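Visitor: next input, structure requested:
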Amino acid sequence: QVQLVESGGGVVQAGGSLRLSCVASGGALNSYVMGWFRQAPGKEREFVATISRSAQFQEYEDSVKGRFTVTRDNGKNTVYLLMNDLKPEDTAIYYCSAKEFMLVHATLRQVDHYDDWGQGTQVTVSS
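Guide: Coordinates of the predicted model:
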């Protein structure tokens, strides 16, 4: 089990950018598949992006493809989500998640695939 702490959220105008960070402690990040999810008020938590242990493979939710990029620095135990061309519909609390996993190239898209979650960071995009 790892502890995850997100940062980097804030208020930005439509078309702007933010970079979220997720720092892990209590375990070696290179053993974990990592994910980013978001939850808007009154909605269920939804998948945003995932990155394999090897960092070679990423997957994205369709609405963020081409705008968001997930990366990881295993040496720093940190995962990032770079968000460009933000839209008001991107407004949500963003959560980092981790799953200890054997396969180095696997990615995971479902909420119930993950065991560990951060506390979330608020992203608000104004129109």
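
Visitor: and the pLDDT at Phe68?
Guide: With respect to pLDDT, Phe68 has a value of 98.

Visitor: contact partners for the residue sitting nearest the centre point of the chain?
Guide: The chain has Trp36 as the residue nearest its centroid, 2.3 Å off, counting by Cα atoms, centre = their mean. Taking Cβ atoms under 8 Å, 6 or more residues apart in numbering as the contact definition, Trp36 lies against 20, 22, 48-50, 70, 79, 81, 94-97. Any C-beta I mention is one placed from the backbone N, CA and C, and that applies to glycine too.

Visitor: hang on, it in a strand?
Guide: Yes. According to DSSP: H, G, I helix; E, B strand; the rest coil, Trp36 belongs to a strand.

Visitor: if I look at it, how far off is Tyr60?
Guide: Taking Cβ to Cβ, to the nearest Å as the measure, Trp36 falls 9 Å from Tyr60.

Visitor: common neighbours of those two, please.
Guide: Residues touching both Trp36 and Tyr60 by Cβ under 8 Å, 6+ apart: 48-49, 70.

Visitor: turn those into a markdown table, columns for distance to Thr124, neighbour count and secondary structure.
Guide: Below are the shared contacts of Trp36 and Tyr60 laid out as a markdown table (distance: Cβ to Cβ, whole Å; neighbours: other Cβ atoms under 10 Å; DSSP: H, G, I helix; E, B strand; the rest coil):
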| residue | distance to Thr124 | neighbour count | secondary structure |
| --- | --- | --- | --- |
| Val48 | 16 | 24 | strand |
| Ala49 | 19 | 25 | strand |
| Val70 | 21 | 24 | strand |
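
Visitor: let's have those residues in CSV, adding distance to Ala55.
Guide: Below are those laid out as CSV (distance: Cβ to Cβ, whole Å):
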residue, distance to Ala55
Val48, 17
Ala49, 12
Val70, 9
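
Visitor: nearest to Gln13, of those?
Guide: Taking Cβ to Cβ as the measure, Val48 is the one of the shared contacts of Trp36 and Tyr60 closest to Gln13, at 20.3 Å.

Visitor: and the gap between that closest one and Gly15?
Guide: 19 Å.

Visitor: in the sheet, who's paired with Ile93?
Guide: Per DSSP bridges, the residues bridged to Ile93 are Gln39, Gln122.
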